Every structure is written in structure tokens, then in C-alpha cells.
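Peer 1: Could you look at this predicted model? Sequence included:
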Amino acid sequence: MSTASLYILYRTRNRAHHLRTLKFEQDVSLPLHLSLFNYTNTSVRKLILVGCDYCFNEEECILFNRSPLGVQCEVLLIEVNNRETIIHLVKHMIKLRVLHVRYDAGMN
């Protein structure tokens with residue numbers, strides 16, 4: 001994704017004041033931009049990260065937990081490559097009500 005595309009995406013998202021669900025899908029050949037977790041719109045409560053052909057590692061989940069999007073997230077669908085990451089998500093995402101995890105041990 002180009003810098004210009006990211007800029008347009010950020011501006012659009014930050015203007016969507018009533019956006020409740022955010023779903024990312026991408027081609028496996030494209031990297032997942034963790035900068036998307038810097039999203040500051042406070043209305044998003046549900047984040048769908050499965051189906052984007054990406055498996056989050058422990059460090060990425062810790063960064064996500066501390067991000068504005070992670071702090072406000074109530075419903076999370078995510079794929080991880082480490083079981084301990086699941087515990088970390090549950091313990092540190094204080095507003096989390098629903099967690100759907102796809103665990104892929106082969107993605108270590």
C-alpha cells in the first residue's frame with residue numbers, strides 16, 4: 001500500500017464517526033501495515049483480522065494491545081501463532097467481551 005493510499009485511508013476512517021466494525025482483508029503477498037493500529041476513531045468496537053492471510057506474533061499483539069484501537073476493542077477476531085498470546089490478549093484488553101482466535105502453530 002502506497003503512502004498516498006494510507007493517507008487517504010486514514011483521512012476516510014477518521015471521518016467515519018459512527019464506524020463500529022473494521023475488517024481487514026488483503027492479498028497474502030502484501031504486508032500487513034501495523035501502522036493501521038494507530039487508528040484514532042473511538043467508535044470502532046469490532047475488529048476482524050482473520051481472512052487477511054496474516055498470523056500475528058506475540059510482539060505484534062502486545063503492540064496492538066497498547067494501541068488506541070486495541071484499548072477500545074470489544075470484539076476481536078484474530079489469527080495468532082503462539083498460544084501464550086491468547087492469554088496476553090485476554091489479560092490486557094480491558095474492554096474485550098468476545099475473542100475469536102484462530103491458532104496456527106505452523107506459523108512460528
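Peer 2: Received it, and whenever you're ready, just let me know what you need. Numbers count the residues shown, from 1 in each chain.
Peer 1: pLDDT weak spots in this structure?
Peer 2: 1-39, 41, 107-108 (pLDDT under 70).
Peer 1: can you give me the strands in it?
Peer 2: For the chain, the strands defined by DSSP state E cover 21-23, 46-48, 75-80, 98-103.
Peer 1: deepest of the ones you listed, which one?
Peer 2: strand 75-80 (a mean of 20; mean count of other Cβ atoms under 10 Å). Heads up, the C-betas are built off the backbone N, CA and C, glycines and all.
Peer 1: Convert that one to PDB, retaining C-alpha atoms only.
Peer 2: The C-alpha coordinates for strand 75-80 follow below in PDB (Å, rounded to 0.1, in the frame of the first residue of the first chain):
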ATOM      1  CA  VAL A  75     -14.900  -7.900  19.800                       C
ATOM      2  CA  LEU A  76     -11.700  -9.300  18.200                       C
ATOM      3  CA  LEU A  77     -11.300 -11.900  15.500                       C
ATOM      4  CA  ILE A  78      -7.600 -12.600  15.000                       C
ATOM      5  CA  GLU A  79      -5.100 -15.300  14.000                       C
ATOM      6  CA  VAL A  80      -2.100 -15.900  16.200                       C
END
